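[1] A structural model of the following input is requested.
(2 chains)
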Amino acid sequence: MIRTEELLLNVGPQHPSTHGVFRIVVKLDGEIITEATPVMGYLHRGTEKLAENLNFTQIIPYTDRMDYVSAMTNNYVLCHSVEKMMGLEIPERAEFLRLIVMEMQRVASHLVWWGTYLLDIGAMSPFLYAFSDRERILQLFNELCGARLTYNYMRVGGVKWDAPDGWIDRVKTFVKDMHFRLDEYHNLVSGNEIFLSRIKGVGQYDAQTAIDYGLSGANLRSTGVQWDLRKTEPYSLYDRFEFDVPVGKNGDCYDRYLCRMEEITQSLRILDQALEQFPGEGDTMGKVPRAIRPPAGEIYVRIESPRGEIGCHIVSKGKAEPYRLKFRRPSFVNLQILPKLLVGESMTNLVTILGGIDIVLGEVDC
Amino acid sequence: MQHFWDQPLSWGTAAIFAAGAVGVLAFVLFFVTYAIYFERKVIGWMQYRKGPNRTGPLGLLQSVADVAKLLLKEDTIPKKADKGLFVLAPVLAFVPSFAVLAMIPYSMNLQFADLNVGFLYYIALSGITTIAIVVGGWASNNKYALLGGMRSAAQMISYEVPLVISVVGCVMLSGSLNLREIVESQAGYFWQWNFIPQIIGFAVFLVAAVSELNRTPFDLPEAESELVAGYHVEYSGFRFAFFMLTEYVYVYAIAALTTLLFLGGWNAPAPQLDFIPGILWFFVKFAFIVFSLFWIRATFPRLRVDQLMGLAWKVLLPLAILNIFLTAIGIELMR
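    Have a look, this model is predicted:
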């Protein structure tokens, strides 16, 4: 009888495919995982506590740093909840700009996911292709608000900067090119036998499990649940545009992959329409009181970020600073299913499953 | 030239042999330096990048600078590593990779050792490198390195079997294990090269060879996304350079072997083109194989361990055996 031992392996916090400073302590029997314990908090900066001493305009840059791959949606959820509390009117042009940047951000965010996921699976080139496209989006954002990652673009009541001359046309050109590039990506990756055999049937769960764990975004939709806040609880101008909510069937990594890829197409579709209907002129800031003091009370506002349902819960005592600010971060909630999915899988699938959940550590630790 | 190498050993001939070995080593080092440069350039171009272009004209000195950096780095050995084995592993990996080059015939006359068991010699020696990788992984006293080493052992043992069996067809056609004679049996037009009559063997050989090289899509031993760097995670400086060197010397050996076994070696595609020296034809084909390896690396994702084993034992091995039967039937019918 050979004496065998369980191997306790520390994956992270400095591991190339945990996408940041995330750590999983796994017990291995050979290459099979018998137990997995996620350890997080390496990137905790106390955003929610800090926010209690800041006024609402000052909190906006902090939201940029939560989900730094999708800063625009974070900006929006905070501004939108304050506006809702105060009952502010947003000029149409500002709302259009917000929607356009949010959808561009969704495309950029999914591109980052696509590239890094393929990198996890061992293909190097898609990563660089995805980033060269994302680069164009960042360039457009740079023209718009002078930043490439942490935009601090939206304000309570509107947006800080109007679109510069010709910007809308440049976005149109980008969207047109992106349709073409997306087809190329499908040709290169989506049918690759090795890729399919790596992700089909991996990390599978059913709709009920997904709901029990509070998953949202593509993680939930891959199981077949039609749940996209842009459709189910339309905010901003989403009720004006035609788009579909892609859903999967099996709830495995392959369906999550297809869902996200199709979401890029749908975002481009929304962008096509929004850019067509973009109002020629108008204000970018609504009428906002000098000091932003939401009335005493509570509000919970949720929107669809690229990673799922991002929510903002504000408790206000009628002051310029929130009494308590709580963000529901989709990455954090989606991550909770990881230990359950990992048991019985191999080390290789660990990377596939973790990548498939699509977390951003800035958001997990907040 | 063969008669020259077969002379009895004396001080004079020993000195010439040594000079020849140094010459080959210099040539191989040159190849490795520029294969790495070329790989980075090719993959760069495929990914909308420029690749190295800062060190020297067109970045040509990049690999030289990299090697210099590795040489000048502090030589670290982990405290709890098995020191003796840790030091031995890179050498043990490199020596056989260099030794296999002795039997490669570059043209009709240019060959160091005209072995009658040429191909078996390659298989026998390259197996030693597997041991070196396991030793390196074990001696590092690192869990990632250990997993990488074990994977590598499993992979190389599995793939050596189809690799050897896929070549049997070629051996049957030429009636010899001697690489020079295998090439000579392919003389004539390019459709007489082994890759057409031995198409199944050629395919199996290519897949198994890429796997032997631990390159994408079979680079599991050093799968950076899960095992960080695999068996050489604890190595740095020149010991690490030795592992890298080994890898690229095997690229050289496998590309040469593929050329010899399946692409007609130094034979021109048509007898009319024989006025071009054979060694040029050899290196054109050789360069094409090397390029293909880089191309594959830029295109494919990586397989999973269990899929890798499944592919070796359930697909490649039966195909290789089928190839032997088909070849035997073919030979019998042609007679």
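[2] pLDDT score for residue 197?
    Since no chain was named, I'll use chain A. As predicted, A:Ser197 sits at a pLDDT of 87.
[3] the intended chain is chain B.
    83.
[4] same question for B:Ser225.
    B:Ser225 carries a pLDDT value of 59.
[5] closest point of chain B to chain A, which residue?
    B:Arg302 (2.6 Å; Cβ to the nearest Cβ). C-beta here means a position set from N, CA and C on the backbone, and glycine is covered the same way.
[6] Three-state assignment for that residue, please.
    Assigned by DSSP: H, G, I helix; E, B strand; the rest coil, the conformation of B:Arg302 is coil.
[7] if I pick it, what's in contact with it?
    A:Ile121, A:Gly122, A:Ala123, A:Ile194, A:Arg198, B:Thr216, B:Pro217, B:Phe218, B:Asp219, B:Leu220, B:Ala223, B:Ser225 (Cβ atoms under 8 Å, 6 or more residues apart in numbering or on different chains).
[8] is there proximity between the longest helix seen in chain B and chain A?
    Ranked by residue count under DSSP state H, the longest helix found in chain B is helix B:11-46. Yes - judged by Cβ under 8 Å from any Cβ of the partner chain, helix B:11-46 and chain A are in contact via B:Ile43, B:Met46.
[9] that helix - contacts with which helices or strands?
    Here helix B:11-46 touches helix B:62-72, helix B:83-99, helix B:237-262, helix B:278-299, going by 3 or more Cβ pairs under 8 Å, 6 or more residues apart in numbering or on different chains; DSSP states H and E.
[10] do you know how far A:Gly318 is from chain B?
    Relative to chain B, A:Gly318 is positioned 51 Å away (Cβ to the nearest Cβ, to the nearest Å).
[11] just the pLDDT at that residue, thanks.
    87.
[12] likewise for A:His110?
    The predicted local confidence for A:His110 is 93.
[13] could you measure from whichever residue of the stretch 201-350 of chain A sits closest to chain B over to B:Met172?
    Across the stretch 201-350 of chain A, the shortest distance to chain B (Cβ to the nearest Cβ) belongs to A:Thr348, at 4.7 Å. Using Cβ to Cβ, to the nearest Å, A:Thr348 is found at 38 Å from B:Met172.
[14] higher neighbour count, those two?
    A:Thr348 (27 against 17; other Cβ atoms under 10 Å in any protein chain shown).
[15] contacting residues around the closest residue to that one other than its chain neighbours?
    Closest residue in space to A:Thr348, ignoring its immediate chain neighbours: B:Arg304 at 4.7 Å, by Cβ to Cβ, 6 or more residues apart in numbering or on different chains. Residues in contact with B:Arg304 (Cβ under 8 Å, 6+ apart) are A:Ser197, A:Arg198, A:Ser346, A:Thr348, A:Asn349.
[16] by neighbours, which of those residues wins?
    Going by other Cβ under 10 Å, A:Thr348 tops those with 27 neighbours.
[17] let me see the mean pLDDT of the helix or strand that residue falls within.
    Per DSSP states H and E, A:Thr348 falls inside helix A:347-357. Average pLDDT, helix A:347-357: 86.
[18] and what of stretch A:284-297?
    88.
[19] please apply the same query to stretch B:212-220.
    Stretch B:212-220 shows a mean pLDDT of 79.
[20] contact partners of it?
    Under the criterion Cβ under 8 Å, 6+ apart, residues A:122-124, A:194, A:348, B:126, B:151-152, B:155-156, B:159-160, B:163, B:210-211, B:221-222, B:230, B:247, B:250-251, B:254, B:293, B:296-297, B:300-303, B:305, B:308 lie in contact with stretch B:212-220.
[21] residue ranges with poor pLDDT in chain A?
    Residues of chain A meeting the criterion pLDDT under 70: A:1.
[22] distance of A:Val11 relative to A:Ile24?
    For A:Val11, the distance to A:Ile24 (Cβ to Cβ) stands at 5 Å.
[23] find residues that contact each of those two.
    Joint contacts of A:Val11 and A:Ile24 (Cβ under 8 Å, 6+ apart) are A:Thr18, A:Leu350.
[24] stretch A:119-131 near chain B at all?
    Yes - Stretch A:119-131 comes into contact with chain B (Cβ under 8 Å from any Cβ), by way of A:Leu119, A:Asp120, A:Ile121, A:Gly122, A:Ala123, A:Met124, A:Ser125, A:Leu128, A:Tyr129.
[25] now the end-to-end length of that stretch.
    Terminal residues of stretch A:119-131 are spaced 12 Å apart (Cα to Cα, to the nearest Å).
[26] same thing with stretch A:239-254?
    Termini of stretch A:239-254 sit 29 Å apart (Cα to Cα).
[27] filter the contacts of stretch B:212-220 down to the buried ones and hand me the PyMOL line.
    Entered in PyMOL, the line below selects the buried ones among the contacts of stretch B:212-220, by 16 or more other Cβ atoms under 10 Å in any protein chain shown:
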select buried, (chain A and resi 122+123+124+194+348) or (chain B and resi 126+151+152+155+156+159+160+163+210+211+221+222+230+247+250+251+254+293+297+300+301+302+303+305+308)
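[28] quick one on the thing from earlier: pipe the helices and strands packed on helix B:11-46 into CSV and attach distance to B:Ile36 and mean pLDDT per row.
    CSV is the format used below for the helices and strands packed on helix B:11-46 (distance: least, Cβ to Cβ, whole Å; pLDDT from 0 to 100):
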stretch, distance to B:Ile36, mean pLDDT
helix B:62-72, 5, 88
helix B:83-99, 15, 88
helix B:237-262, 7, 88
helix B:278-299, 10, 88
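[29] now residue 126: which helix or strand?
    All of this is about chain A. In the assignment (DSSP H and E), A:Pro126 maps to helix A:125-145.
[30] my bad, chain B
    Going by DSSP H and E, B:Ser126 is in helix B:118-139.
[31] flag every buried residue along the helix or strand following that helix.
    Using DSSP H and E, the helix or strand that follows helix B:118-139 in sequence is helix B:143-174. Neighbour-count burial for helix B:143-174 flags B:143-156, B:158-160, B:162-174 (criterion: 16+ other Cβ under 10 Å).
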